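> Only the shape, not the letters, is given here:
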């Protein structure tokens, strides 16, 4: 483990990915619905098409085809109507118009396809139905509902330390990754509750778990703001001791909140773990094909541009990096650390993967506890000077 000077239970490596493609298997029976038949035929077709490709290319093409077919199955009426429109344009007008409509159709499909790739609230399939409770881990909690400024109702668990003076305990707002729900992070929350000894707010994004709405980049930002304001308004909690923790996609949400003028001086500190610099960069890393590499940034519906936002963060920052992360390259966490403007920042490396870094080293909770103590004692006047990296 390396420390550089001036942070879900999670799924196992095979269960959650930053970009996870849930497969819908057709069930057998005497009578199949139309969408099931479409899935069966489509699966046979793309399996034959990709079987002749080299292994690395085959994996990429197979993933893209499955995603495309999933979207077409959901939007088959729209896709059929658009195909008819193209045929009519070609019949009556010919020339450039059909080609233009075809290109625009594929661009529109790709633009909206990013939501299906990035947000996975239905993985595993029961995630929108069943959300585990903190009492299964022996943690006292309040089940709360938070309303955002655009009137979306969010589900959350507030897990509080049972001490006489609750205001003396720091509060950690936990922002999870792109799949599952807050119940999937309870094992991780139990470790934080018992070993780090802080209050925890487990927030469910819109469109996830029992929360209303549909996930989007701006929507997740508004969810984070509503969660912070909720904690800030609680008289039984100290508004000067609010810590933000984000893993993977949650790290991008944390960085956005801590970089905003209305919040950055109110955040005690942030902890980000295994997060990415921005969506275009991680897309090029995960899909190393020419079409993705040449795709301009304005073609991405979701950007989560943490790389350009981190320079506006002045709160103490702890960057936790899993050196064996199979999704996020270690270099992205280093880039965020180097560009961070905070006068107090730490980069800690553990030999862990994307979702199990918190399980790979016994010193994990103690390192976070030490950082929290230092951050509460630090003089956090905004500073934009450069600091050297000293190996501890």
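Arrived safely, thanks for sending. Keep in mind the model is a prediction, meaning the values are calculated, not measured.
> separation between residue 113 and residue 283?
Counting by CB to CB, to the nearest Å, the gap from residue 113 to residue 283 is 11 Å. The way it works is simple: take the backbone N, C-alpha and C, and place the C-beta from them, glycine included.
> Also residue 242?
Distance of residue 242 to residue 283, computed by CB to CB: 32 Å.
> what does residue 200 give?
Taken as CB to CB, the span from residue 200 to residue 283 is 32 Å.
> more crowded one of the two?
Set residue 200 next to residue 283 and count neighbours by other CB atoms under 10 Å: residue 200 wins out with 26 against 21.
> quick one: secondary structure of the more buried one?
strand (DSSP: H, G, I helix; E, B strand; the rest coil).
> tell me the mean pLDDT for stretch 213-224?
Taken as a whole, stretch 213-224 has a mean pLDDT of 97.
> What's the end-to-end length of stretch 150-169?
31 Å (CA to CA, to the nearest Å).
> Buried residues in it, which are they?
If you call a residue buried by 16 or more other CB atoms under 10 Å, then stretch 150-169 has these buried ones: 152, 154-161, 166, 169.
> Where is pLDDT lowest across the residues you listed?
Among the buried residues of stretch 150-169, residue 166 carries the weakest pLDDT, at 89.
> For that residue, grab phi and psi.
phi -70, psi -20 (degrees, to the nearest 10).
> Would you map the helices across the stretch 251-392 of the chain?
Using DSSP state H, counting those that start in this stretch, the helices of the stretch 251-392 of the chain run over residues 279-286, 290-293, 306-309, 330-339, 364-377.
> Just to check, residue 181 is in contact with residue 123?
No: if you go by CB atoms under 8 Å, residue 181 and residue 123 don't touch, sitting 10.1 Å apart.
> who has more neighbours, the two?
Ranked by neighbour count (other CB under 10 Å), residue 181 and residue 123 place residue 181 first, with 26 against 19.
> Roughly how far does the more buried one sit from residue 171?
21 Å.
> what's the answer for residue 147, then?
Residue 147 sits 19 Å away from residue 171, taking CB to CB as the criterion.
> circling back: could you dump the helices of the stretch 251-392 of the chain into a markdown table and include mean pLDDT and distance to residue 316?
Shown next, in a markdown table, are the helices of the stretch 251-392 of the chain (pLDDT from 0 to 100; distance: least, CB to CB, whole Å):
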| stretch | mean pLDDT | distance to residue 316 |
| --- | --- | --- |
| helix 279-286 | 94 | 25 |
| helix 290-293 | 85 | 36 |
| helix 306-309 | 98 | 16 |
| helix 330-339 | 97 | 13 |
| helix 364-377 | 96 | 4 |
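> With distance to residue 354 added, can I get those in TSV?
Supplementary listing: the helices of the stretch 251-392 of the chain in TSV, determined by distance: least, CB to CB, whole Å:
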stretch	distance to residue 354
helix 279-286	12
helix 290-293	20
helix 306-309	16
helix 330-339	11
helix 364-377	15
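> I'd like to know which of those is closest to residue 187.
helix 364-377 (13.0 Å; CB to CB).
> how much distance is there from that closest one to the middle of the chain?
Distance, stretch centre to chain centre, for helix 364-377: 24 Å (CA atoms, centre = their mean, to the nearest Å).
> Tell me which residues of that helix come out buried.
Buried, per 16+ other CB under 10 Å, within helix 364-377: 364-365, 367-369, 371-372, 375-376.
> What of stretch 334-352?
334-337, 340-350, 352.
> Start and end of it, how far apart?
16 Å.
> From residue 302, how far off is residue 117?
On the measure of CB to CB, residue 117 and residue 302 end up 9 Å apart.
> neighbour-wise, which of residue 147 and residue 171 wins?
Using other CB under 10 Å, the more surrounded residue of residue 147 and residue 171 is residue 171, with 26 against 12.
> In helices, which of the buried residues of stretch 150-169 appear?
Counting by DSSP state H, no part of the buried residues of stretch 150-169 is found in helices.
> Quick test: name the residue nearest the centre of the chain.
residue 249 (2.0 Å; CA atoms, centre = their mean).
> Could you pull up the contacting residues of that one?
Applying CB atoms under 8 Å, 6 or more residues apart in numbering to residue 249 gives the contacts 18, 118, 175-178, 220, 275, 304.
> Could I get these in a markdown table, plus columns for distance to residue 359, secondary structure and neighbour count?
Formatted as a markdown table, these follow (distance: CB to CB, whole Å; DSSP: H, G, I helix; E, B strand; the rest coil; neighbours: other CB atoms under 10 Å):
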| residue | distance to residue 359 | secondary structure | neighbour count |
| --- | --- | --- | --- |
| 18 | 18 | coil | 26 |
| 118 | 25 | helix | 23 |
| 175 | 19 | strand | 28 |
| 176 | 16 | coil | 29 |
| 177 | 15 | coil | 27 |
| 178 | 19 | coil | 24 |
| 220 | 26 | helix | 26 |
| 275 | 18 | coil | 30 |
| 304 | 25 | coil | 24 |
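> which one among the residues you listed gets closest to residue 213?
Looking across the contacts of residue 249 and measuring by CB to CB, the closest to residue 213 is residue 220, at 10.1 Å.
> wait, what's in contact with the closest one?
205-206, 249, 253.
> Kindly recompute the last result at 6 Å.
205, 253 (CB atoms under 6 Å, 6 or more residues apart in numbering).
> What's the separation between the residue nearest to residue 219 when sequence neighbours are not counted and residue 186?
The spatially closest residue to residue 219, leaving aside those adjacent along the chain, is residue 206, at 5.0 Å (CB to CB, 6 or more residues apart in numbering). Per CB to CB, residue 206 is found 20 Å from residue 186.
> Residue 246 too?
Taking CB to CB, one finds residue 246 at 17 Å from residue 186.
> more crowded one of these two?
residue 246 (29 against 26).
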